[in-house]
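Q: Here's my sequence, what's the structure:
(chains A and B, ligands or ions: 2)
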Amino acid sequence: MRNPLSLHLRSARLVYDGVPLFENLDAEFAAGRFTCLLGPSGVGKSTLLRAFAGLAEVGPGAVSPELPRVAWMAQDDLLCPWLDALGNVTLGASLRGEKADLAKARDLLAQVGLADRAGAAPHELSGGQRQRVALARTLYEDQDVVLMDEPFAGLDAPTRWRLQELAATLLAGRTVLLVTHDPREALRLGHDIRVLAGRPVKLGPVLSPQGATPRALDDVSLLAMETKLIGEIADGAA
Amino acid sequence: MIRAVIIALGFVAAWYALVAATGVPHYILPGPARVAVAFADNAGFIAENAAITFLEIVLGMFVGLLAGLSCALALAMSRLLRVWMLPLIVASQAIPVFAIAPLLVLWLGYGIASKIAAAALIIFFPVASAFYDGLARTNAGFLDLARTMGARKPLILLRLRFPTALPALASGVRVAAAIAPIGAVIGEWVGASAGLGFVMLQSNAQMRVDLVFAALIVLAAFALIFYAAIDRLMTALVPWDPKRIDR
Ligand SMILES: Nc1ncnc2c1ncn2[C@@H]1O[C@H](COP(=O)(O)OP(=O)(O)O)[C@@H](O)[C@H]1O
Ligand SMILES: [Mg+2]
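A: Ligands and ions are numbered 1, 2, ... in the order given. Okay, the predicted model is just below:
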């Protein structure tokens, strides 16, 4: 069985251009739960993910645990142009010198709706298709900690809906941080929702909507929460 | 291909018109007909020497590519080499190959070795610098991704940095293909007993300008075909190169 990890920041500090982005930032993200991070653009959401991925220097011992491997999906799809979709999904294996599990990779491509595009090069795919390959690559990594930066932005509504469901199902039981600018997506997927605001950035209280994920969003109480979240994000941006 | 033929025909026509209109003596500028006759009369001699020059160009290309590639790889892998060797390599470019070609002949003799060295030397820098630049400019996002995947360092170089450097390398190889013939001919000019450069030099001394032109045309044709072939090869090697998109 999985051994979920909780993620901690303690007194994290990061200065960009002379103005601190993180200053004495403490945060905890619960083990085995799907946490959605909301906030205005430029507030530091991507940087928070990068800190947990070990890609942003936020001070000695500030990040725990320090993981040698995480599943990280950047805002950019970061597909290698010289590899086909299948090769991109198994990139991790090839960079670790492991034998790629092609059956698993094909299955993941099928799950994101690209069964017939496994041999396509990135420049032959649409933006949305590329993003789905990146999602499949992230899922292929099969890690306990999964960090996703706006994974569904730019997808058409039905595809987004289906992939949200897929992510909720396949990532159940793992510690997931998902950055989004869409309060609805947060309400559909998040066990917990946190709003980021200000510079240096602060995290708002944990908001935990009722009901199992992925939520259908046909509940009136969720609508009220959406209005509240939009208000909070707008305040943070002001 | 049709365009190439039209350009060649146009060139010959203009050449013919120039000679006919100005009436320059044939020992200054021979007309196309005279050059064609010189070519036909000396076909065997020209072919023999052309084969030698082609061999020099191809081998020089091979040696220069190999040296440039390994140098770029070494520089990309070692900080120590970068700090000490990079300025040296850049400074070495201040010395024109023309200036050291006589030394090459002195050290390597009148045979093809000194010409291969000259061609290799002239292409070394464009290849090394293009490839090194490509390696140094790997998208930081790719390297971040590799890190989160627990990638092994040699595999990052081989499977991430090397392929991202291929478009830059392809540009370097194209430049090399264009200038390698210059290197070989420079080598022949400063001292040779065979090759197209040797034919040109010798015929010039004997006032056989028609033969000079015949050799020159063969050299130019080969250089063009060589470049076109390498260009095709590079395009096939790097099908994702953004340069292809604006074709
Ligand atoms: N490498 C960097 N150098 C300088 N400033 C940066 C760098 N990365 C991010 N920033 C700044 O930090 C802030 C937060 O960026 P980011 O985490 O990408 O925001 P978000 O993902 O919430 O839109 C922005 O103001 C951005 O300009
Ligand atoms: Mg961002």
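
Q: okay, CA-based contacts and neighbour counts for the rest of this
A: Fine.

Q: What part of chain B, helix or strand, is modelled with the least confidence?
A: When each helix and strand of chain B is scored by mean pLDDT, DSSP states H and E, helix B:79-92 comes last, with a mean of 85.

Q: who touches that helix?
A: Helix B:79-92 is contacted from outside by B:74-76, B:125, using C-alpha atoms under 8 Å, 6 or more residues apart in numbering or on different chains.

Q: Check stretch B:155-168 too.
A: For stretch B:155-168, using C-alpha under 8 Å, 6+ apart, the contacting residues are A:82, A:94-97, B:130-135, B:137-139, B:142-143, B:146, B:238, B:241.

Q: Kindly recompute the last result at 6 Å.
A: With contacts defined as C-alpha atoms under 6 Å, 6 or more residues apart in numbering or on different chains, stretch B:155-168 is touched by A:95, B:130-131, B:134-135, B:138, B:241.

Q: repeat for stretch B:217-230
A: Outside of stretch B:217-230, the residues within contact range by C-alpha under 6 Å, 6+ apart are B:177-178.

Q: quick one: average pLDDT of that stretch?
A: Averaging pLDDT along stretch B:217-230 gives 91.

Q: Render the CA-only coordinates of that stretch in PDB, please.
A: What follows is stretch B:217-230, C-alpha atoms only, in PDB (Å, rounded to 0.1, in the frame of the first residue of the first chain):
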ATOM      1  CA  ILE B 217      34.100  24.900 -62.000                       C
ATOM      2  CA  VAL B 218      34.600  21.300 -60.900                       C
ATOM      3  CA  LEU B 219      35.600  22.500 -57.400                       C
ATOM      4  CA  ALA B 220      32.600  24.800 -57.200                       C
ATOM      5  CA  ALA B 221      30.200  22.100 -58.400                       C
ATOM      6  CA  PHE B 222      31.500  19.600 -55.900                       C
ATOM      7  CA  ALA B 223      31.300  22.200 -53.100                       C
ATOM      8  CA  LEU B 224      27.700  22.900 -54.000                       C
ATOM      9  CA  ILE B 225      26.700  19.300 -54.200                       C
ATOM     10  CA  PHE B 226      28.500  18.500 -51.000                       C
ATOM     11  CA  TYR B 227      26.700  21.300 -49.200                       C
ATOM     12  CA  ALA B 228      23.300  20.300 -50.500                       C
ATOM     13  CA  ALA B 229      23.800  16.700 -49.500                       C
ATOM     14  CA  ILE B 230      24.900  17.700 -46.000                       C
END
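
Q: May I see the buried residues of it?
A: For stretch B:217-230, burial by neighbour count (16 or more other C-alpha atoms under 10 Å in any protein chain shown) applies to B:218-219, B:222-223, B:226-227, B:230.

Q: I'd like those as JSON lines, with secondary structure appended.
A: Shown next, in JSON lines, are the buried residues of stretch B:217-230 (DSSP: H, G, I helix; E, B strand; the rest coil):
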{"residue": "B:Val218", "secondary structure": "helix"}
{"residue": "B:Leu219", "secondary structure": "helix"}
{"residue": "B:Phe222", "secondary structure": "helix"}
{"residue": "B:Ala223", "secondary structure": "helix"}
{"residue": "B:Phe226", "secondary structure": "helix"}
{"residue": "B:Tyr227", "secondary structure": "helix"}
{"residue": "B:Ile230", "secondary structure": "helix"}
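
Q: just those now: which is nearest ligand 1?
A: Nearest to ligand 1 among the buried residues of stretch B:217-230 is B:Ile230, at 39.3 Å by C-alpha to the nearest ligand atom.

Q: if we can go back for a sec, what are the buried residues along the least confident helix or strand of chain B?
A: Neighbour-count burial for helix B:79-92 flags B:82, B:86, B:89 (criterion: 16+ other C-alpha under 10 Å).

Q: List the contacts of B:Tyr27.
A: B:Val209.

Q: Helix or strand for it, just tell me which one.
A: Assigned by DSSP states H and E, B:Tyr27 falls within no helix or strand.

Q: List the contacts of whatever residue of chain B ends up closest to chain A.
A: Ranked by C-alpha to the nearest C-alpha, the top residue of chain B for proximity to chain A is B:Ala151, at 4.6 Å. Going by C-alpha under 6 Å, 6+ apart, B:Ala151 touches A:95-96.

Q: And it, what's its pLDDT?
A: On pLDDT, B:Ala151 comes in at 95.

Q: For chain A, give the helix that spans the most residues.
A: With secondary structure taken from DSSP state H, chain A has its longest helix at helix A:220-237.

Q: picking that back up, tabulate the buried residues of helix B:79-92 (TSV), appending distance to ligand 1.
A: Formatted as TSV, those follow (distance: C-alpha to the nearest ligand atom, whole Å):
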residue	distance to ligand 1
B:Arg82	25
B:Leu86	27
B:Ile89	32
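
Q: just those now: which is nearest B:Gly172?
A: Nearest to B:Gly172 among these, counting by C-alpha to C-alpha, is B:Ile89 at 16.1 Å.

Q: and the gap between that closest one and B:Ile123?
A: Plainly put, B:Ile89 is 13 Å away from B:Ile123 if you go by C-alpha to C-alpha, to the nearest Å.

Q: try B:Pro239
A: Taking C-alpha to C-alpha, one finds B:Pro239 at 24 Å from B:Ile123.

Q: Where do the helices of the chain begin and end?
A: Reading this off chain A. For chain A, applying DSSP H gives helices covering A:45-52, A:85-89, A:91-96, A:102-111, A:127-141, A:157-170, A:183-189, A:220-237.

Q: Oops, wrong one, chain B.
A: Applying DSSP H to chain B gives helices spanning B:2-22, B:32-41, B:43-77, B:79-92, B:97-108, B:112-136, B:140-148, B:153-156, B:162-189, B:196-205, B:209-237.

Q: How far does stretch A:66-84 stretch from one end to the other?
A: Length of stretch A:66-84, first residue to last, C-alpha to C-alpha: 32 Å.

Q: Run through chain A and note the low-pLDDT ranges.
A: A:1-2, A:237-238 (pLDDT under 70).

Q: And the buried ones among the contacts of helix B:79-92, selectable in PyMOL?
A: Per 16+ other C-alpha under 10 Å, the buried members of these correspond to this PyMOL selection:
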select buried, chain B and resi 75+76+125
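
Q: Reformat the contacts of helix B:79-92 as a markdown table; add distance to A:Leu207.
A: Below are those laid out as a markdown table (distance: C-alpha to C-alpha, whole Å):
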| residue | distance to A:Leu207 |
| --- | --- |
| B:Ala74 | 53 |
| B:Leu75 | 52 |
| B:Ala76 | 48 |
| B:Phe125 | 60 |
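
Q: mind giving me the domain ranges of chain A?
A: Using automatic domain parsing, the domain parsing of chain A gives A:1-70+A:145-161+A:172-238, A:80-142.

Q: which parts of chain A sit against ligand 1?
A: Chain A comes close to ligand 1 at residues A:16, A:41-47, as judged by C-alpha under 6 Å from any ligand atom.

Q: Farthest-apart pair in these, please.
A: Of all pairs drawn from the residues of chain A next to ligand 1, the greatest distance, 15.6 Å, lies between A:Tyr16 and A:Ser41 (C-alpha to C-alpha).

Q: More neighbours: those two, which one.
A: Under the criterion of other C-alpha atoms under 10 Å in any protein chain shown, the comparison of A:Tyr16 against A:Ser41 puts A:Ser41 first, with 15 against 8.

Q: Against A:Gln75, how distant is that one?
A: A:Ser41 is 12 Å from A:Gln75, by C-alpha to C-alpha.
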